[in-house]
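Student: Just a sequence and a predicted model for now, questions to come.
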Amino acid sequence: MAQAGTSAGAEARDARPSLTVMLASPRGFCAGVDRAIQIVEKAIEKYGAPVYVRHEIVHNRFVVETLEAKGAVFVEELDEVPDDAPVVFSAHGVPKSVPAEAERRKLLYLDATCPLVSKVHREAERHFRTGHTVILIGHAGHPEVIGTMGQLPPGAVRLVESVEDVATLEVEDPENLAFATQTTLSLDDTVEIVDALKAKFPTISAPNKQDICYATTNRQEAIKDIAPHCDAVLVIGAPNSSNSVRLVEVARRAGCDKAMLVQRAADLDWSWFDGIGTLGITAGASAPEVLVEEVMSELHNRYAVTIQSEPVTVETITFKLPRELSPA
C-alpha cells in the first residue's frame with residue numbers, strides 16, 4: 001500500500017503543468033538598502049530597544065515588520081521620538097531641517113541615507129552655491145524628492161515629473177540652470193525628460209555622473225534582458241517602492257505586457273497564471289531574497305518548474321556603516 005501511495009504521489013507531481021521561470025539577476029537588495037537595515041539592527045544591538053526610525057527605513061513592509069520585531073519603532077516625525085531615545089533617518093534621505101531639529105533637541109541620531117542619494121544632495125548644494133536654479137527630475141511626494149528639495153531654501157529647486165512639465169516650465173534665469181534626478185527612476189523616461197530639458201535650455205548643467213543609481217540601472221537592464229522572452233513578469237516589491245514600480249513599467253516597455261507587482265506570495269492571484277509558459281521574476285532593491293524564495297516555493301507546489309538565470313552583471317559594491325556603529 002505504501003508503494004502504491006508513493007507511486008500515485010509521483011504521478012500527481014508529474015501531472016503538474018510545466019513552467020519555465022527566468023530569474024532576473026541582479027535583483028533584490030542593493031548596497032544602500034543593506035546598509036540602512038544594518039544601521040537599524042546594529043543600533044538596536046548597541047543602544048538596546050527601542051530604537052526609533054523616522055519613516056520606513058526602506059519601502060518594504062516585510063523589512064519594516066522584521067525590524068519592529070527586533071525593537072525598532074517607526075514614526076513619521078521627530079516629535080514622536082522621546083528625548084532620551086536614539087533615532088535613525090531612512091535610506092531615502094531627509095530635509096536639512098530634520099537633523100537640525102534633532103541637534104536642537106540633542107537627540108542621538110544616525111543617518112541611514114543611501115550614499116548615492118547623499119551624492120545628489122551635494123550636487124544640488126554645489127549648483128546652488130554657483131548661482132544655478134536646480135531642476136529636479138523626480139516624483140512629487142516621494143521621500144527622496146522631499147529630502148533632496150529640503151537641502152536648499154524654498155524655491156531653489158524646481159521639480160519636473162514629465163516631458164509635459166518641461167514644456168510648461170518657466171524660470172527667471174534660463175542661462176543658469178542645472179538638473180539632478182531622483183535615483184530610482186526609469187532610465188528610459190529620464191532620458192526623454194533630460195533631452196527635453198536640454199532642447200529647451202541648451203546651457204543647462206548636467207550632473208558629473210549619472211544620478212540614477214547603479215542598482216536601479218542593473219535591475220532595469222536585467223528585466224529588459226528577460227522580458228522579451230516571457231509570457232508574464234512578476235515584480236516582487238512594495239507599491240510605494242519607486243524602483244519596484246519602475247520595474248513593472250520597464251518590463252512592459254521591453255515587450256512583456258503582462259507584468260504585475262506583488263508584495264508577498266500570499267498576494268498571488270493564481271488565475272493570473274493561466275496560459276503562462278515562461279514567467280520572469282525580479283525583485284525591487286528594497287525587497288529581500290526571502291520573498292523571492294517564498295514565491296518560488298509556491299510555484300514549485302503548483303508547477304514542474306525549470307529555472308533559468310543568467311546575470312547581466314555582478315554587483316560588488318558595499319557601503320561603510322557610520323563610524324558610531326563601525327567595529328572598533
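Tutor: Nice, thanks for sending it over.
Student: Could you use CA atoms for every contact and neighbour count after this?
Tutor: Noted.
Student: For stretch 274-291, measure first residue to last.
Tutor: 22 Å (CA to CA, to the nearest Å).
Student: domains of this protein?
Tutor: 18-29+214-308, 31-114, 134-200 (the TED database).
Student: Does the closest residue to N240 other than its chain neighbours belong to a helix, a strand or coil?
Tutor: Once flanking residues are discounted, N240 sits nearest to H59: 6.3 Å by CA to CA, 6 or more residues apart in numbering. Here H59 takes the coil state, with states given by DSSP: H, G, I helix; E, B strand; the rest coil.
Student: if I read this right, H59 contacts S244, doesn't it?
Tutor: No: in this structure, H59 is not within contact of S244 by CA atoms under 8 Å, at 9.5 Å.
Student: In terms of neighbours, single out the busier of these two.
Tutor: Neighbours per residue (other CA atoms under 10 Å) separate H59 from S244, with S244 holding more: 30 against 25.
Student: Overlap in contacts, H59 and S244.
Tutor: Shared contacts of H59 and S244 (CA atoms under 8 Å, 6 or more residues apart in numbering): A238.
Student: which other helices and strands contact the helix or strand hosting I39?
Tutor: Here I39 sits within helix 31-47, counting by DSSP states H and E. Contacts defined by 3 or more CA pairs under 8 Å, 6 or more residues apart in numbering; DSSP states H and E place helix 31-47 against strand 51-54, helix 61-70.
Student: Quick check: buried residues in that helix?
Tutor: Using 16 or more other CA atoms under 10 Å as the test for burial, helix 31-47 gives 31-37, 39-41, 43-44.
Student: ok, A156 to A180 distance?
Tutor: Following CA to CA, the distance that separates A156 from A180 is 13 Å.
Student: show me where pLDDT drops low in the stretch 201-328 of the chain?
Tutor: Residues of the stretch 201-328 of the chain meeting the criterion pLDDT under 70: 328.
Student: can you give me the helices for the chain?
Tutor: 2-14, 31-47, 61-70, 97-104, 115-129, 143-149, 163-168, 187-200, 214-226, 242-253, 289-302 (DSSP state H).
Student: Serialize these to JSON lines and add fields for distance to G277.
Tutor: Listed next are these as JSON lines, based on distance: least, CA to CA, whole Å:
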{"stretch": "helix 2-14", "distance to G277": "16"}
{"stretch": "helix 31-47", "distance to G277": "33"}
{"stretch": "helix 61-70", "distance to G277": "29"}
{"stretch": "helix 97-104", "distance to G277": "50"}
{"stretch": "helix 115-129", "distance to G277": "38"}
{"stretch": "helix 143-149", "distance to G277": "38"}
{"stretch": "helix 163-168", "distance to G277": "37"}
{"stretch": "helix 187-200", "distance to G277": "28"}
{"stretch": "helix 214-226", "distance to G277": "14"}
{"stretch": "helix 242-253", "distance to G277": "17"}
{"stretch": "helix 289-302", "distance to G277": "12"}
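Student: Nearest to V233, out of those helices?
Tutor: helix 242-253 (7.0 Å; CA to CA).
Student: List the buried residues in the closest one.
Tutor: 242-252.
Student: Tell me the one of the residues you listed nearest T306?
Tutor: Minimum distance to T306 across the buried residues of helix 242-253 is 20.8 Å, recorded for A251 (CA to CA).
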